[in-house]
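*Asks:* 3D, please:
(2 chains)
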Amino acid sequence: MTSPEPSSAGNFVREIVAQDLQAGKHGGGVVTRFPPEPNGYLHIGHAKSICLNFGIAREFGGICHLRFDDTNPTKEEVEYVEAIQDDVRWLGFDWGDKMFYASDYFARLYQYAVHLITQGKAYVDSLSADEMRAYRGTLTEPGKASPHRTRSVADNLDLFARMKAGEFPDGTHVLRAKIDMASPNINLRDPVLYRIRHAAHHRTGEQWSLYPTYDYAHPLSDAIEGITHSICTLEFEDHRPLYDWVVEQAGAPCHPRQIEFARLNLTFTVMSKRKLLELVEQGHVAGWDDPRLPTLKGLRRRGYTPEAIRAFCEHIGVAKRDGIVEMALLEHFIREDLNRRALRVMAVLRPIKVVIDNYPEGQVEQLEAVNNPEDPGAGTRLVPFSRILYIEQEDFREVPPPKYFRLTPGREVRLRYAYIVTCVGVVKDPATGEVVEVHCTYDPETRSGGPQAQRKVKSTIHWVSAAHALPAEVRLYEALFSKADPGDVAEGREYTANLNPHSLERLTGCVVEPSLADAPSGSRYQFERQGYFCVDPDRAAGGLVFNRTVPLRDSWVKIEKARQDG
RNA sequence: UGGGGGAUCGUCUAGUGGUAGGACGUCAGACUCUGGAUCUGACUACCUAGGUUCGAAUCCUAGUCCCCCAGCCA
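*Replies:* Numbers count the residues shown, from 1 in each chain, chains lettered A, B, ... in the order given. Reported below is the predicted structural model:
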């Protein structure tokens, strides 16, 4: 019997946790944490970490803390703190009352530092940043000791206290761990533990004039909270010896185990906070919630569901090798989710007028349409049909290419849920020659459910009755970048050179069926034969606005593309 | 050229000395009142070279390639 487990079932992090648990380490429990720095918005890479941390805690009957790693007041803001909580909750995770801030521990961290100094394990250095860099050595040459490395414990204690008291300007002194200036691991060449920053902190205000660094605050925050497994990304692997050093030398209450995994990369987008910030600040996108961004806020506005994102995170797995996941996989999961749940409606994005010549003028029929063929419980609705309709421009071709099954002069197609119609002529703009109106006749016997309804036609197209149509704006999104790897640029050029100029297309002349009149902001639909769309919050400003979450898979575009490519 | 990691289908990921599997993707077909969904089938992989072994993705040796580290960022 084979059980189709998700590929992440056996990921190495879970294995380590299970082994530790079996070996009775860490007191036999599991406590993880998701530790964002509140200096930006969460993106789908964070979602991977959130799912991992909360998932492992849940799986092993433990808990996961939400902790803001707010040790750098110059970059952090409450705006981000709030947005992050909102995003984690939206994703579907609950930290109960376990929400913390590294800044909660500033006083204890300070005490630990005093202890370190007393033990001769830390000292105040007064080199400038440039000097310190020079003293650090290089990747291949050892560093050398700062002249202040041998300061007495008493002097260190005094200086450190005065740093705290705010006596010195920024950059004049730091507290460094006394480890090994010749270590082949540069992180161990007396790393900085505290730096002076006369800056207002979003939580502690002006209370502190010195702030701990990540390498110091993180392991101790973990230990203070009783974290058992501190899961982080690969670039912190060389920091692990330092993490362990800090925990041991400070005499922390417990020793969490740091485990590193590969961060998520996705094709056709960027994931670094720096680049995301740039895209927002330079106006390449409209904001952190721009639907083209891989931020959770962006994906949400785009119409992604938390369920789809979680399923994606489960299936990409967790490993140590760095790679790049295809955007197609993310799209697969949102399609899968929405196919199951989204109500179907008819919407015409690029309308062309159709007149049913033999349909009685002024007549309106209410036709029954299925809301979701994947879910009979979703019921049916009535859609009005009349003599003048709109169909999609691309559903009519005066001269059809090979394998084109849609409307074309002399050919029959079915109008979804309505009648089989035959194209009998067109009206052209005398100036441009462009077809502006298509004329058809319908066969009354072929109405859905009618005597001739079973007649085979090559295709079924969607439509909206002109008299009943609701106007709408529709925003079509494509990948933000036109290259799978946005960083793949010519020498001297920036990744922004790969921005896709067609990433957003606004269509303003769209028409949708009347059932959408009261569609609430955020609601999701499948526009039949086209894709999944959701109502944008901008609809509040007046008319209906839809975002395309993802198009339906389309074998016709493949045929066309293959033909064009020759 | 110091240190730390990593190499399995196009992509992600299983495998822990015993038939290299799954998912996405791609291609072909069936079905279809969505060219959707669904269903079939096909596709393609162990970085290289040696060695150990009845048997190696897995163990050993030597290479190769990729990623990370010289912030008072995280």
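*Asks:* Next, the contact list for A:P253, please.
*Replies:* Under the criterion of Cβ atoms under 8 Å, 6 or more residues apart in numbering, the contact list for A:P253 reads A:A223, A:I224, A:G226. C-beta: built from backbone N, CA, C; applies to glycine.
*Asks:* So which of those sit within helices?
*Replies:* Those of the contacts of A:P253 mapping onto helices are A:A223, A:I224, per DSSP state H.
*Asks:* and the contacts of A:P253 as a markdown table, adding pLDDT, neighbour count and distance to RNA strand B?
*Replies:* Converted to a markdown table, those look like this (pLDDT from 0 to 100; neighbours: other Cβ atoms under 10 Å; distance: Cβ to the nearest atom of the strand, whole Å):
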| residue | pLDDT | neighbour count | distance to RNA strand B |
| --- | --- | --- | --- |
| A:A223 | 98 | 22 | 16 |
| A:I224 | 98 | 19 | 15 |
| A:G226 | 98 | 16 | 19 |
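*Asks:* which one of the contacts of A:P253 is nearest A:W208?
*Replies:* Distances from A:W208 to those, taken as Cβ to Cβ, are shortest for A:I224 (17.3 Å).
*Asks:* Break down chain A into its helices, ranges please.
*Replies:* Counting by DSSP H, chain A has these helices, from start to end: A:12-22, A:44-59, A:78-91, A:106-118, A:129-135, A:153-164, A:214-225, A:240-250, A:273-281, A:296-302, A:306-316, A:327-341, A:555-564.
*Asks:* next one: the third one to chain centre, how far?
*Replies:* For helix A:78-91, the distance between its averaged C-alpha position and the chain's averaged C-alpha position is 13 Å (Cα atoms, centre = their mean, to the nearest Å).
*Asks:* tell me which strands and helices it is in contact with?
*Replies:* In terms of contacts (3 or more Cβ pairs under 8 Å, 6 or more residues apart in numbering; DSSP states H and E), helix A:78-91 is packed against helix A:44-59, strand A:63-68, helix A:296-302, helix A:306-316.
*Asks:* how about the second one, does it reach RNA strand B?
*Replies:* Think strand A:63-68. No. Using Cβ under 7 Å from any atom of the strand, we find that strand A:63-68 stays clear of RNA strand B, coming within 9.1 Å at best.
*Asks:* That strand pairs with which strands, and in what direction?
*Replies:* According to DSSP bridges, strand A:63-68 forms sheet pairs with strand A:31-34 (parallel), strand A:99-101 (parallel).
*Asks:* Can you pull out the low-pLDDT segments for the stretch 351-500 of chain A?
*Replies:* Applying pLDDT under 70 to the stretch 351-500 of chain A flags no residue at all.
*Asks:* Residue numbers of it in contact with RNA strand B?
*Replies:* Checking the stretch 351-500 of chain A against RNA strand B by Cβ under 7 Å from any atom of the strand, the hits are A:372-374, A:403-406, A:414, A:416-418, A:447-449, A:453, A:456, A:459-461.
*Asks:* now, which of the residues you listed lie within strands?
*Replies:* Among those, the ones falling in strands (DSSP state E) are A:R414, A:T460, A:I461.
*Asks:* what's the neighbour count on A:R553?
*Replies:* One way to gauge burial is a neighbour count; for A:R553, by other Cβ atoms under 10 Å, it gives 12.
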